[in-house]
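Engineer: okay, predicted coordinates and the sequence, questions at the end:
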Amino acid sequence: MAARPTGITILSVLAGLNAIGGLLTGFAAFAIGSVLFGLSGSIFGLAWLALAGLWLACGIGFWQMLPWAWALGVVLAAAGVIWSLLGLLGGGGILGTAISVVIGGAILYYLNQPGIRALFGRA
C-alpha cells in the first residue's frame, strides 16, 4: 500500500469534521424540525444525518485509501459546488458562495490529479 499523501490526510480530517458538524446539525434539525414542521422537518433532519454519514464514510475511506472513497469524494465535492451555486438563487451571499465554489473546485482538481487518481486505482 502506498503512503497516504498529506493532501489526502487533510481531506480525510476535513471530511471527519464535516461529518461531526453534520451530525450535530442533523440532530438539531430533526428535533427542532419535527416540533415546528412535523414529518417534513423530521425528514429534513434525517436527510442531514444521512449526508453526515456519507461524509464520515468518505473520511474513513480517504484515511484508509479505499478505492470507492475517491468516487465518493468527487461526488460530495461536486454536490457542494452545485449546492453553493444554487444558494445564490435563494439569496445567498456572493463571497460565501465564491469561497465554497473555490474550495470545492480545488478539491475536485486535487482528486483528479493523475498521481492521486492512481493511488485510488483510478489511473
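Structural biologist: Here it is on my side, so go on.

Engineer: the helix or strand hosting L86: how far from the chain's middle?
Structural biologist: Assignment of secondary structure by DSSP states H and E places L86 within helix 67-89. Centroid separation between helix 67-89 and its chain, computed with CA atoms, centre = their mean, to the nearest Å, is 7 Å.

Engineer: cool, and stretch 97-110?
Structural biologist: Using CA atoms, centre = their mean, we find the averaged C-alpha position of stretch 97-110 to lie 12 Å away from the chain's own average C-alpha position.

Engineer: list the buried ones in the helix holding L86?
Structural biologist: In terms of neighbour count (16 or more other CB atoms under 10 Å), helix 67-89 has its buried residues at A69, W70, L72, G73, V74, L76, A77, G80, V81, S84. Using the backbone N, CA and C atoms, a C-beta is placed for each residue, glycine as well.

Engineer: excluding its backbone neighbours, what's nearest the fifth one?
Structural biologist: On the basis of CB to CB, 6 or more residues apart in numbering, the spatially nearest residue to V74 that is not a chain neighbour turns out to be L111, at 5.6 Å.

Engineer: I'd like the distance between the one you found and F62.
Structural biologist: The spacing between L111 and F62, counted by CB to CB, to the nearest Å, is 10 Å.

Engineer: next one: A47
Structural biologist: Here A47 is placed at a distance of 23 Å from F62 (CB to CB).
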